[in-house]
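In: Build the 3D model from these lines:
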Amino acid sequence: MNTAERLVGTMAALDVEYVFGYPGGRVIEVFESLAEARAGDHPGVDPEAVPEVVRPRDEREASVMAEAYGRLTGGPAVLAGQGPWIGSLGGIGQMEARLGSSPMVVLTEASERGEYSTLAPYQQARGDYGGLDLPSILDGITKEHWFPRSPTETVRSFQLAFKHAAAGRAGPCAVVLDGDAVTDEVPEDPTPPVWDDAAQTRTWESRPTDGDVRAAADLLSEAHRPVVLAGNGVHAAGAYEELEAVAEAYDAVVATSYLGKATIAETHERAAGVIGSFGHEGANRVVSEADALLVVGCRLNPMDTNWQPASFIRPDEQAIVHADVDPRNAGWVYPADVGLIGDAAESLGALIDAAEGRLGPEDPAPGITADGWGEHGHDSALDRAAAAREDFHVPECDSDAVPIKPQRACKAVEAVVDEDTVVTADSGNNRFWLLNYLQTPARRTYFGSGGVGGMGWAPPAAVTAALMGHDAVCVAGDGGFTMTMTAVETAVDHGVAPAFVVLNDTSLGMVRQMDDAIPGVEFHDTDFVKAAEAMGGAGTRVTDPDDLEPAIADAKAADVPTVVDVRIDREEDMAEQLQSSFYAEVGGLHE
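Out: Residues are numbered from 1 along each chain as shown. Model (predicted):
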């Protein structure tokens, strides 16, 4: 058995579902072995266990699909392709996975040319004179990478990539294949040995210490206005039940970060919405008025913290419990009183157990009477959450104006979302309109580009969601959609039918609204309907708000991928309308 065949055996043994990639270089041998194994030509490998190959139009699209798979499932898919293109085009999905904590395994090569590698090399990327330096690129965008030279090293490195991709804070891990070792025979009894795939890749969840849990429970149970701030770590751990149970146990409101959106149904009685510079004013205010914060799986980046105005989060006045799988993140941005280091489900579960028998604060909050009433009305957690949720709707959501208001478009998307739907949101103005006015009715119904936040993420991510059996709805601006609209063809190739909703203002809207004199902000008016049809899909252009909901509902129900080109009001200024009062305190920095 050669190395390529053995790697396919590892993927089958580890139940890898998909290889997203583009054949090229010495990865071609791996693609050939995948085809042979699926045909039953590899003894000892069940053809049904061999992963399906998804070949999009380029490595960028493949990398986003692999990242989205990791985010949606919590387990890694494989991104495979030739080194120079995995390190360039394919860097988009790897960067998103690195900063967004999505597991991914990358299988690539350095385009080595044997004895020609030192002679003005062509495409070579192993890092020596005259070529490219793929290892340095991977060092900057992956969690870990390996450049093994022998068959035994390659198999072991591939196993370790799966282990490290999922262990602790998840991320992308890469293996760079040696140009010769990929077709060399794997020794039957190597020294040191290669262990069983499942045994070598096993990981364990960490949990916080009992003392830290007790200290955190004391702070939360003594608080009058506790707030839980849920981030992407809750998604990563699947800790949805635990999140709601902790909020119930400590009578807390739940706000989320942008990446934490849909960790709790935003219709839930304890949900307050999304914080941040372009988040909900009510959710930001709930966090600011809290006397205790439980931050779970959120690093608190500048967008989350409104770029840190003095009035938002105040460590000198608020008790802060920071729960994170990575000890470096707890107390990173704001000093924390207690750090809970471990998987979000383990930390929340421990807090649930610690809440038993606790009675809560003996005295009412300052300014609140014993029956829970203050000068501005009832101040219970449920009332504060309900007041914050009012921000999910503004008059423009019902507007019949033409061009269509983006707020109205978001409500039309909301109308088709149920618990089986996954909305993928792109970067730019569209995502901020969406996070404000799409009120998710269930957990895990919304995922957005927000690790590195690259445009063009949402279309390939929607195809991944559709491949996994979800009703997928992509929402993107015309700029982001155009970057990866070949995802429509990928969906056609694999028999899935996501809906693609394009909020079209024929411009790079967010930048144009900062300063319309900036060169390059205006786009050609592309006919996305014809483009979709040319790739085997369908499309419709919507200019009348009354046609919005039927068009999106029809696209979601269609049996081919369908583009809904929504012509929105380009003068509806996102930053002016959505920036929070806290963000305004620091001068409204550019995102």
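In: got the end-to-end distance for stretch 106-119?
Out: Stretch 106-119 has its terminal residues 28 Å apart, counting by Cα to Cα, to the nearest Å.
In: swap that for stretch 67-82, sorry
Out: 18 Å.
In: in that stretch, what counts as buried?
Out: 67-73, 75-82 (16 or more other Cβ atoms under 10 Å). Backbone N, C-alpha and C define where each C-beta goes, glycine included.
In: Tell me the one of the residues you listed nearest residue 30?
Out: Residue 30 has its nearest neighbour among those in residue 80, at 6.3 Å by Cβ to Cβ.
In: What segments of the stretch 251-400 of the chain are strands?
Out: Along the stretch 251-400 of the chain, the stretches classed as strands by DSSP state E, counting those that start in this stretch are 253-256, 271-274, 292-296, 319-324, 338-341, 373-374, 377-378.
In: can you check the stretch 51-200 of the chain too?
Out: 52-54, 78-81, 104-109, 144-146, 172-177.
In: what about this structure, any weak spots by pLDDT?
Out: 359-378, 589-591 (pLDDT under 70).
In: Let me see the domain layout of it.
Out: Annotated domains of the chain cover 3-200, 210-390, 393-577 [automatic domain parsing].
In: how long is stretch 490-510 from one end to the other?
Out: With Cα to Cα, one end of stretch 490-510 sits 28 Å from the other.
In: buried residues in it?
Out: For stretch 490-510, a neighbour-count test (16+ other Cβ under 10 Å) marks 490-492, 496-510 as buried.
In: Mark which of those are part of helices, please.
Out: 490, 491, 492, 509, 510 (DSSP state H).
In: Please give me every residue in contact with residue 403.
Out: By Cβ atoms under 8 Å, 6 or more residues apart in numbering, the contact set of residue 403 is 543, 567, 568, 569, 570.
In: Span of stretch 408-421 from start to end?
Out: End-to-end distance (Cα to Cα), stretch 408-421: 19 Å.
In: same thing with stretch 129-136?
Out: Stretch 129-136 has its terminal residues 14 Å apart, counting by Cα to Cα.
In: May I see the buried residues of that stretch?
Out: 131, 132, 134, 135.
In: and if you look at stretch 543-552?
Out: Those would be 545, 547, 548, 549, 551, 552, for stretch 543-552 by 16+ other Cβ under 10 Å.
In: could the residues you listed go into JSON lines alongside distance to residue 240 and secondary structure?
Out: Formatted as JSON lines, the buried residues of stretch 543-552 follow (distance: Cβ to Cβ, whole Å; DSSP: H, G, I helix; E, B strand; the rest coil):
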{"residue": "545", "distance to residue 240": "34", "secondary structure": "helix"}
{"residue": "547", "distance to residue 240": "35", "secondary structure": "helix"}
{"residue": "548", "distance to residue 240": "30", "secondary structure": "helix"}
{"residue": "549", "distance to residue 240": "28", "secondary structure": "helix"}
{"residue": "551", "distance to residue 240": "32", "secondary structure": "helix"}
{"residue": "552", "distance to residue 240": "26", "secondary structure": "helix"}
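In: Turn those residues into JSON lines, including distance to residue 515.
Out: Below are these laid out as JSON lines (distance: Cβ to Cβ, whole Å):
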{"residue": "545", "distance to residue 515": "29"}
{"residue": "547", "distance to residue 515": "33"}
{"residue": "548", "distance to residue 515": "30"}
{"residue": "549", "distance to residue 515": "35"}
{"residue": "551", "distance to residue 515": "33"}
{"residue": "552", "distance to residue 515": "32"}
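In: And these, which is closest to residue 528?
Out: Nearest to residue 528 among those is residue 551, at 12.9 Å by Cβ to Cβ.
In: who are the neighbours in contact with the closest one?
Out: 540, 542, 564.
In: same thing with residue 139?
Out: Residues near residue 139 by Cβ under 8 Å, 6+ apart: residue 145.
In: related to what we said a few turns ago, and the strands of the stretch 51-200 of the chain as TSV, adding distance to residue 402?
Out: Shown next, in TSV, are those (distance: least, Cβ to Cβ, whole Å):
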stretch	distance to residue 402
strand 52-54	40
strand 78-81	43
strand 104-109	43
strand 144-146	52
strand 172-177	44
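In: Residue 496 versus residue 33, what's the distance?
Out: Distance of residue 33 to residue 496, given as Cβ to Cβ, to the nearest Å: 26 Å.
In: residues contacting residue 504?
Out: Taking Cβ under 8 Å, 6+ apart, one finds 477, 478, 528, 565, 566, 567, 568 in contact with residue 504.
In: Please repeat the previous calculation with a cut-off of 6 Å.
Out: Listed by Cβ atoms under 6 Å, 6 or more residues apart in numbering, the contact partners of residue 504 are 478, 565, 567.
In: Any of those buried? List them.
Out: 478, 565, 567.
In: re earlier: figure out which of the domains of the chain is closest to residue 583.
Out: domain 210-390 (3.9 Å).
In: Can you give me the buried ones in stretch 323-330?
Out: 323, 324, 325, 329, 330.
In: Quick check, residue 249 in contact with residue 356.
Out: No: taking Cβ atoms under 6 Å as the contact criterion, residue 249 and residue 356 are not neighbours in contact, 8.2 Å apart.
In: More neighbours: which of the two?
Out: Counted by other Cβ atoms under 10 Å, residue 249 and residue 356 do not tie: residue 249 has more neighbours, with 20 against 8.
In: So what's the residue count around the nearest residue to the more buried one once chain neighbours are set aside?
Out: Using Cβ to Cβ, 6 or more residues apart in numbering and skipping residues adjacent in sequence, the residue nearest residue 249 is residue 355, 3.8 Å away. A count of nearby residues for residue 355, using other Cβ under 10 Å, gives 18.
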